[in-house]
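Trainee: Based on what follows, work out the 3D shape:
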Amino acid sequence: MSRVGKNPVPVPSGVTLAVDGHKVKAKGKLGELSLPLSALVEAGIDDGKFWVKPANETKQARMMWGTTRNLVRNMVRGVAQGYTKNLEINGVGYRAAVQGKSLQLQLGYSHDVNFPIPEGITIKCDKPTSITITGTDKQRVGQVAAEIRSYRGPEPYKGKGIKYDSETILRKEGKKK
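Mentor: As a prediction, this is how the structure comes out:
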């Protein structure tokens, strides 16, 4: 029995959720998202709450039960509130700036790194050392943040590089005489 899957997803006001065959569509003030449903689960809407249940008693159906419920919950929250990831840049001369539809990063390489901003994602640089990534799709926001971080991940000796704002870098002691 899935403890996650048996809880219905409440649909807040301002969000419309529609089940159309094997597809769920969510529409809110921030945009529109859709999710294809697996044939192993059944879904529906009752009294402003979205429910999911397994179509049969196989292990795969039980696994998709909780997964589908959380994917729909993330869609509903995304179109209602959106998702945000914050990155911090540490290092002398390391900085970021948004120029048009690309993010320009100076990360100590001999060249600037230009990251094209994908559709549906908004990137802001309030300070040259902070990057804010926002969007409606939780997976895409996290993926963009991970790609930007991969250009220069934080190193353990001086802490230089790009890190998440909530991340703590385990520091190592340098070599001794």
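
Trainee: which other helices and strands contact the lengthiest helix in the chain?
Mentor: Under DSSP state H, the helix in the chain containing the largest number of residues is helix 59-80. Counting contacts by 3 or more CB pairs under 8 Å, 6 or more residues apart in numbering; DSSP states H and E, helix 59-80 is packed against strand 9-10, strand 23-28, strand 31-36, strand 41-46, strand 49-54, helix 138-150. Heads up, the C-betas are built off the backbone N, CA and C, glycines and all.

Trainee: tell me the angle that helix makes with helix 138-150.
Mentor: Helix 59-80 and helix 138-150 are oriented at 80 degrees to each other (axes from the mean of the first three to the mean of the last three CA atoms, to 10 degrees).

Trainee: Let me see the mean pLDDT of helix 59-80.
Mentor: Averaging pLDDT along helix 59-80 yields 92.

Trainee: That one to strand 31-36, inter-axis angle?
Mentor: 170 degrees.

Trainee: quick one, the following helix or strand past helix 59-80 and helix 59-80 angle?
Mentor: Helices and strands here follow DSSP states H and E; after helix 59-80, the next one along the chain is strand 83-90. Orientation check (the same axes, to 10 degrees): strand 83-90 against helix 59-80 gives 80 degrees.

Trainee: Pairing partners for strand 83-90, with directions?
Mentor: Here strand 83-90 has these sheet partners by DSSP bridges: strand 130-135 (antiparallel), strand 161-164 (antiparallel).

Trainee: Which residues does that strand contact?
Mentor: 77, 95-96, 105, 107, 128-138, 141-142, 144-145, 148-149, 154, 159-166 (CB atoms under 8 Å, 6 or more residues apart in numbering).

Trainee: Likewise for stretch 131-150?
Mentor: With CB under 8 Å, 6+ apart, stretch 131-150 has contacts from 28, 30-31, 33, 74, 77-79, 82-89, 96, 103, 105, 115, 118, 120-126, 162-164.

Trainee: Output that stretch as PDB, nothing but the C-alphas.
Mentor: The C-alpha trace of stretch 131-150 is given here as PDB (Å, rounded to 0.1, in the frame of the first residue of the first chain):
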ATOM      1  CA  ILE A 131      21.900  33.400  -9.900                       C
ATOM      2  CA  THR A 132      18.200  32.900  -9.500                       C
ATOM      3  CA  ILE A 133      16.500  30.300 -11.700                       C
ATOM      4  CA  THR A 134      12.700  30.200 -11.800                       C
ATOM      5  CA  GLY A 135      10.100  28.200 -13.700                       C
ATOM      6  CA  THR A 136       7.000  26.100 -13.500                       C
ATOM      7  CA  ASP A 137       8.500  22.700 -14.200                       C
ATOM      8  CA  LYS A 138      10.400  21.400 -11.200                       C
ATOM      9  CA  GLN A 139      12.500  19.000 -13.200                       C
ATOM     10  CA  ARG A 140      13.600  21.600 -15.800                       C
ATOM     11  CA  VAL A 141      14.500  24.200 -13.100                       C
ATOM     12  CA  GLY A 142      16.700  21.600 -11.300                       C
ATOM     13  CA  GLN A 143      18.200  20.400 -14.500                       C
ATOM     14  CA  VAL A 144      19.200  24.000 -15.600                       C
ATOM     15  CA  ALA A 145      20.600  24.700 -12.200                       C
ATOM     16  CA  ALA A 146      22.700  21.400 -12.300                       C
ATOM     17  CA  GLU A 147      24.000  22.300 -15.800                       C
ATOM     18  CA  ILE A 148      25.100  25.800 -14.800                       C
ATOM     19  CA  ARG A 149      26.700  24.300 -11.600                       C
ATOM     20  CA  SER A 150      28.600  21.700 -13.700                       C
END
